[in-house]
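Colleague: Mind folding the following:
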Amino acid sequence: MIVGYVIAGLVLLVIMVTAYRALGRPSAPVSDPAALLGTVLATAGDATASLREAEAVRAAQRRLEGCALALERIDATTLSADGEAAHELLTQGVNELIWAARLSEKSGLASAGLKLGFEALHSSGSGCLERAGQLLGGSVPAEEGHRPG
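Modeller: Take a look at the predicted model:
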């Protein structure tokens, strides 16, 4: 009887380890991280422009979240110094813009304080994107195969 419980426990453990490895496996490596940075920059820039339109905030937030996921896939150590700095700026800017979108969507910016918070996040995030664009040599048009989100 105890042997049956031990076997069942081992089988369950094997299943759990297999599931963990399958779900936790990293995605395929990025073949051209510089191009992906340019695509993220272009996509985040488009989403940023939509944050001021109440009906487009949710879609902009989703695009920004896709950009954040794409940035996580990039190994910054494989980039040039400018690329690494641009990656850091894009990560910060996208995160700030996601918070601006959340703030706008959830609150509707009903008070002056919420509007100030949104403006600060939006301005700071946009500034990060702008500086990243300068490091990357300007806004790179998004390629169809690399578009995040």
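Colleague: Can you give me the buried ones in stretch 112-131?
Modeller: For stretch 112-131, burial by neighbour count (16 or more other C-beta atoms under 10 Å) applies to 117-118, 121-122, 124-126, 128-129, 131. To be clear about C-beta, it is placed using only N, CA and C from the backbone, and glycine gets the same treatment.
Colleague: Among the residues you listed, name the ones in helices.
Modeller: 117-118, 121-122, 124-126, 128-129, 131 (DSSP state H).
Colleague: Mind putting those into TSV with pLDDT and distance to Ala34?
Modeller: Output for these, formatted as TSV (pLDDT from 0 to 100; distance: C-beta to C-beta, whole Å):
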residue	pLDDT	distance to Ala34
Gly117	86	34
Phe118	85	32
Leu121	90	27
His122	92	27
Ser124	94	24
Gly125	94	22
Ser126	94	22
Cys128	95	18
Leu129	95	16
Arg131	94	17
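Colleague: okay, those in TSV with distance to Thr77 next?
Modeller: Below are these laid out as TSV (distance: C-beta to C-beta, whole Å):
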residue	distance to Thr77
Gly117	34
Phe118	34
Leu121	29
His122	31
Ser124	26
Gly125	25
Ser126	27
Cys128	21
Leu129	22
Arg131	21
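Colleague: Closest one of the residues you listed to Leu37?
Modeller: Leu129 (11.3 Å; C-beta to C-beta).
Colleague: And the pLDDT for the closest residue in space to that closest one that isn't next to it in sequence?
Modeller: If the residues on either side of it in the chain are set aside, Leu129 comes closest to Gly93, at 4.6 Å by C-beta to C-beta, 6 or more residues apart in numbering. Looking at Gly93, its pLDDT stands at 95.
Colleague: which element is Gly93 on?
Modeller: helix 81-107 (DSSP states H and E).
Colleague: Now that helix: buried residues?
Modeller: 83-101, 103-104.
Colleague: Phi, psi for Asp32 please.
Modeller: When read as degrees, to the nearest 10, the backbone of Asp32 gives phi -140, psi 80.
Colleague: and it, how far is that from Gly38?
Modeller: 9 Å (C-beta to C-beta, to the nearest Å).
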